[in-house]
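[1] Structure for the following, please:
(6 chains)
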Number of protein chains: 6
Amino acid sequence: MWFSIRLDDHASLRPVTVLDAEEIYALLDSERERFGVWLPWMDSVRSADDERRSMAMLAEQWASLSGLMGALVVDGRIVGSVGIARVDKDVRCAEIGYWIGSAYEGRGLVTRGVRAIEELCFEQLGMQRVQITNDVDNRRSRAVAERLGYTLEGVVRRGHVVGVGERRRCSDLCVYGLLREEWMAREGRGDGERAAGA
Amino acid sequence: MWFSIRLDDHASLRPVTVLDAEEIYALLDSERERFGVWLPWMDSVRSADDERRSMAMLAEQWASLSGLMGALVVDGRIVGSVGIARVDKDVRCAEIGYWIGSAYEGRGLVTRGVRAIEELCFEQLGMQRVQITNDVDNRRSRAVAERLGYTLEGVVRRGHVVGVGERRRCSDLCVYGLLREEWMAREGRGDGERAAGA
Amino acid sequence: MWFSIRLDDHASLRPVTVLDAEEIYALLDSERERFGVWLPWMDSVRSADDERRSMAMLAEQWASLSGLMGALVVDGRIVGSVGIARVDKDVRCAEIGYWIGSAYEGRGLVTRGVRAIEELCFEQLGMQRVQITNDVDNRRSRAVAERLGYTLEGVVRRGHVVGVGERRRCSDLCVYGLLREEWMAREGRGDGERAAGA
Amino acid sequence: MWFSIRLDDHASLRPVTVLDAEEIYALLDSERERFGVWLPWMDSVRSADDERRSMAMLAEQWASLSGLMGALVVDGRIVGSVGIARVDKDVRCAEIGYWIGSAYEGRGLVTRGVRAIEELCFEQLGMQRVQITNDVDNRRSRAVAERLGYTLEGVVRRGHVVGVGERRRCSDLCVYGLLREEWMAREGRGDGERAAGA
Amino acid sequence: MWFSIRLDDHASLRPVTVLDAEEIYALLDSERERFGVWLPWMDSVRSADDERRSMAMLAEQWASLSGLMGALVVDGRIVGSVGIARVDKDVRCAEIGYWIGSAYEGRGLVTRGVRAIEELCFEQLGMQRVQITNDVDNRRSRAVAERLGYTLEGVVRRGHVVGVGERRRCSDLCVYGLLREEWMAREGRGDGERAAGA
Amino acid sequence: MWFSIRLDDHASLRPVTVLDAEEIYALLDSERERFGVWLPWMDSVRSADDERRSMAMLAEQWASLSGLMGALVVDGRIVGSVGIARVDKDVRCAEIGYWIGSAYEGRGLVTRGVRAIEELCFEQLGMQRVQITNDVDNRRSRAVAERLGYTLEGVVRRGHVVGVGERRRCSDLCVYGLLREEWMAREGRGDGERAAGA
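    Okay, here's the model as predicted:
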């Protein structure tokens, strides 16, 4: 039992805590090769202890509503993450990020998680825009943004660093944006209560 | 939509955030007279701004699993709170506290909330003991602890301060305890997975 | 020469400083076995360096009148400690703790030290209540509280952790209290000047 | 006399200090209307005291090489600024920003300042990319980036907030990038010594 | 009762705490005119609240043995101060400062207090040198240093700021020094135990 | 290219940054024997990493105008340092310090650097007095102060610690002072603009 958002009969999403550090480290470590190709932070995942510090920091971010690492949980185990970063309360913009273990790809879990987080961003946190950024060659990740109707607004040359160890290199970064009214149209709903005031 | 624990078809429990400050301040302010008699902190609830600072601090406590203010939510509005304080990770003991608006008393909401928090304490946080403390003359609060099978372990003379403004005074404090095995027996369950290791 | 309270012709009490770390470590280390049975913090006394950090922190606590480790000094050497912890300026309650090296037991030094600290608490710091807590099986410590007329207000089950290393375990904790007027009656004195205002 | 980079016989660039706060506040205040249209931070420039805090913070940023507010000085008076923000030491990217008082526009001072800062970024700080962002409708600012050969990489919809007071609103943001080798080609030079190692 | 050093049958010296703030403020305020002429810090003594912050800070300094404000107490009331500043643990040098209310001048209290502090510096804190600095025109203060055998080592021109309000001005500062062996000779004693090791 | 003050056709002075740590460490390490005799801080120069921390701290000091380590640069390489320490904004006094590699002694570089720093102190920072302190036996350093017309105001016995490792010892310290009007007379100039107001 934990504070969570239900995604379907088996899956839910909840903020990580330090208690998740070992489980998350084990999962990331098993996907090191695969995730390292596209995710900038994979190179800094080095031990369960490091993850404990990261989880503590991410939990604090959520406490101040300035970031979130949400654990995607299926039948009690963590299988991936959907979260929020770079929350800009002035511009009312936030960035959504995600990853999922290979054994759970293809079930729509990430898409359901992103939609839950979008709702949180637009309804609770009063955002006017969310964005997804990903490597120009990361097709699976770009497909999520595109299926959800995000607009590709630009490609920032050498905009992030990816790769693990010696293969670490600068690479080009796509910026996909979704505006509040685009989200409402896509979800078929009127303006939420909280939106104007937050 | 928010990360929460469902208590029944209408009620749920979730950690507070700064976004709740105004709603909570309005509720506490409307119950100032009644809560001031027994709750030590009522005297320091002075404005929505103060509550914003409190909520920020309480959210941080939950981020580090050292405390929690859980909002009792019924059909989308906050009607009370069940939370955790004085978490002692060494002794594996935590204190459960609660309050509820007068309009929602008598429906068993507090009891359901306390049971959810107990489960969190014993199953997720690895506690060996939870306790409830309340004023020796606060019958409703003592009744919650007694109905849930807590043992009255002592009465600390002048153990807390209650009352608002000029009526502020030292008063005697009951200490009720519930051990892990007592909880398991009451709930009719064997030892949870996480208990030993957390 | 040091800032101190004289207890008798040979003994005095004074706040510890970092300069005492080595002497205190040597004393605690020589009593590790004996103290480890009842004192929760004995397990964390690991080196003179650790003690230096502890002494620095305890000296800072005294600077803010929020705690005190008082060194019991006999003819220039430290033989034990009487101090103050858990100062609650709101409730006006503080906890008195003590320990003494086996070579100096039975001379009434702890009792004299506790009485000096009680006077400090009630006269200077404006406390309304002091308490002593100790393990339910720690007869010598309980005898000190009982001889000084404290009331046993409760026994908190699994209320602290005692023991060193592998023998570390939860154990039941006695709570003894002494109210301001009980202290005045015992000491045969009227209300001190500072008491009401501090 | 101050630590500065000479731009021409009359103009130089130097990091701001708290001593500049009043002069900078007076200048910004006199251009409030004009700058407020395009610069996101103009709304937070409220008093010389505020500027003192800003200058102190910006000086600290330069101390850690994580940002710079450079004062454009002509014959001893501050007439504008060219600086560095959002330094990402991992991605080796930094953002260059600038503004100039209307009385000094059209003399190429900003362009000279930007070129000095580019050299600092690529030669001393080891950047691989610099970027300039500006409002989609801010023609003068976009013209600077374009004249210097930057590539327009994207337009982030609702990517920043501009305007002062009641006219404050979200607006679209251009992202212009210049890569290290593009800068070297433009400046007609081979790779600097420090570049690889910094 | 407080932790103190006895100076004679009526007088003692003890570290200040926040509890002394009001008494000390009243005393300083009553001597504002007189002290303001020579003491650099008199201009910043503005309210009991300010003093509370000062006392808190000075108590913390003593906690880390990096400074001390000692209250000179005669028959239970504070009449002046002898203290330690600018402790340099590397050079093993400290500065002794003092002031006394006019009603208590001429009884040798300051001299007794300075001697107690000298002993603390040389015996407990392991200093190799203590110094006294005072305004070149402050005859009474210079007389204390001279009577105790300090050597005038220099006069620093514009070495401090004295005076209150509009009369605040730079003034010349005497530096008087006393070496450890000079102190021992003066006091007729061999080397103390702690000196070498502290 | 860096923010700097030009001293002559080949030499300039600029605030250090962390990027200089390795070059400075190599230089100091090569002069360890020679500098260790007179400079108190030589004993704490232990690795390029230590220097990185020092440079970061010194850069922060300059950011707040409370200290400065200026690198003397000749044809692109660091050959020594002239800087500011112990800035007292209340007394308007600062201390100037310097050192230079043996290969660059005798060219007047230190003198030119000190004069630049004096101008910074008196014109920009509003100082009323600068001072130079050095070991009583450090002839070369004393000669710089004397050639520039400083007054020897005192010799503080055991006023600093010099020497490296086992040869570390207390030694006597000269205090040389230069007042604002003495500097103006020496430089043949009237009062600078900024002097009164800073």
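
[2] before we move on, what SS does A:Phe122 have?
    Using DSSP: H, G, I helix; E, B strand; the rest coil, the structure places A:Phe122 in helix.

[3] close enough to count as contact, it and A:Arg180?
    Yes. A:Phe122 lies in contact with A:Arg180 (Cβ atoms under 8 Å); the separation is 5.6 Å. (Glycine included, C-beta is placed from N, CA and C.)

[4] So for these two, which sits in the more crowded spot?
    A:Phe122 (28 against 20; other Cβ atoms under 10 Å in any protein chain shown).

[5] Check which residues of the lowest-mean-pLDDT helix or strand in chain A are buried.
    Least confident helix or strand, chain A: helix A:32-36 with a mean of 91, by mean pLDDT, DSSP states H and E. Residues A:35-36 are the ones in helix A:32-36 that count as buried (16 or more other Cβ atoms under 10 Å in any protein chain shown).

[6] Burial check on the nearest residue to A:Met127 once chain neighbours are set aside, number of neighbours?
    Using Cβ to Cβ, 6 or more residues apart in numbering or on different chains and skipping residues adjacent in sequence, the residue nearest A:Met127 is A:Cys121, 4.3 Å away. A:Cys121 has 25 neighbouring residues, counting by other Cβ under 10 Å.

[7] Chain D versus A:Cys121, what's the distance?
    13 Å (Cβ to the nearest Cβ, to the nearest Å).

[8] Could you check how far that residue is from C:Gly76?
    67 Å (Cβ to Cβ, to the nearest Å).

[9] what do you get for A:Gly108?
    Going from A:Gly108 to C:Gly76 by Cβ to Cβ gives 77 Å.

[10] Looking at those two, which has the bigger crowd around it?
    Neighbour count, other Cβ under 10 Å: between A:Gly108 and C:Gly76, A:Gly108 has more, with 14 against 9.

[11] how about that one, what does it touch?
    By Cβ atoms under 8 Å, 6 or more residues apart in numbering or on different chains, no residues touch A:Gly108.

[12] Kindly report the same for the one 3 residues further on.
    By Cβ under 8 Å, 6+ apart, the contact set of A:Thr111 is A:144, A:147-148.

[13] you'd agree it is in a helix?
    Yes. A:Thr111 sits within a helix when classified using three-state DSSP.

[14] A:Arg129 reaches D:Arg158, doesn't it?
    Yes. Counting by Cβ under 8 Å, A:Arg129 touches D:Arg158, with 4.6 Å between them.

[15] contacts for the least confident helix or strand of chain A?
    Applying Cβ under 8 Å, 6+ apart, the set of residues contacting helix A:32-36 is A:28, A:42-43, A:45, A:99, A:102, A:162-164, A:167.

[16] which of those residues tops the neighbour count?
    A:Val162 (22 neighbours).

[17] Give me the more crowded residue out of A:Arg129 and D:Arg158.
    A:Arg129 (23 against 20).

[18] what's the spacing between that one and chain E?
    Between A:Arg129 and chain E the computed distance is 45 Å (Cβ to the nearest Cβ).

[19] Repeat that for A:Gly106.
    With Cβ to the nearest Cβ as the criterion, A:Gly106 and chain E are 61 Å apart.

[20] can you give me the strands for chain A?
    For chain A, the strands defined by DSSP state E cover A:5-6, A:11-15, A:68-74, A:77-88, A:93-100, A:129-135, A:151-162, A:169-179.

[21] mind putting those in JSON lines, mean pLDDT and distance to chain B included?
    As requested, the strands of chain A are arranged in JSON lines below (pLDDT from 0 to 100; distance: least, Cβ to the nearest Cβ, whole Å):
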{"stretch": "strand A:5-6", "mean pLDDT": "96", "distance to chain B": "6"}
{"stretch": "strand A:11-15", "mean pLDDT": "98", "distance to chain B": "6"}
{"stretch": "strand A:68-74", "mean pLDDT": "98", "distance to chain B": "8"}
{"stretch": "strand A:77-88", "mean pLDDT": "98", "distance to chain B": "12"}
{"stretch": "strand A:93-100", "mean pLDDT": "98", "distance to chain B": "15"}
{"stretch": "strand A:129-135", "mean pLDDT": "98", "distance to chain B": "15"}
{"stretch": "strand A:151-162", "mean pLDDT": "97", "distance to chain B": "24"}
{"stretch": "strand A:169-179", "mean pLDDT": "97", "distance to chain B": "17"}
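
[22] tell me which residues in stretch A:36-50 are buried?
    A:36, A:38-43, A:45.

[23] so how far is that stretch off the chain centroid?
    Relative to its chain's centre, stretch A:36-50 lies at 15 Å (Cα atoms, centre = their mean, to the nearest Å).

[24] Look at stretch A:16-36 and report the distance between its end residues.
    End-to-end distance for stretch A:16-36, by Cα to Cα, to the nearest Å: 21 Å.

[25] next one: that stretch to chain centre, how far?
    14 Å.

[26] Buried residues, that stretch. List them.
    Buried-residue list, stretch A:16-36, by 16+ other Cβ under 10 Å: A:16-21, A:23-25, A:27-28, A:31, A:35-36.

[27] Same check on stretch A:173-189?
    A:173-180, A:182-183.

[28] Spit out the residues that contact A:Arg129 and D:Arg158 alike.
    Shared contacts of A:Arg129 and D:Arg158 (Cβ under 8 Å, 6+ apart): A:91-93, A:177, A:179, D:170.

[29] Including distance to B:Gly113, could those residues go into a markdown table?
    Shown next, in a markdown table, are these (distance: Cβ to Cβ, whole Å):
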| residue | distance to B:Gly113 |
| --- | --- |
| A:Val91 | 37 |
| A:Arg92 | 33 |
| A:Cys93 | 36 |
| A:Gly177 | 40 |
| A:Leu179 | 39 |
| D:Cys170 | 40 |
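
[30] How about the longest helix along chain A and chain B, any contact?
    The longest helix of chain A (DSSP state H) is helix A:48-63. Yes. Residues of helix A:48-63 contacting chain B under Cβ under 8 Å from any Cβ of the partner chain: A:56, A:59-60, A:62-63.

[31] what's the closest non-adjacent residue to the residue of chain A found nearest chain D?
    Nearest residue of chain A to chain D (Cβ to the nearest Cβ) works out as A:Gly154 at 1.3 Å. Spatial nearest neighbour of A:Gly154, chain neighbours left out: D:Gly154 (1.3 Å); criterion: Cβ to Cβ, 6+ apart.

[32] bridging residues for A:Gly154?
    On the basis of DSSP bridges, A:Gly154 is bridged to A:Val175, D:Gly154.
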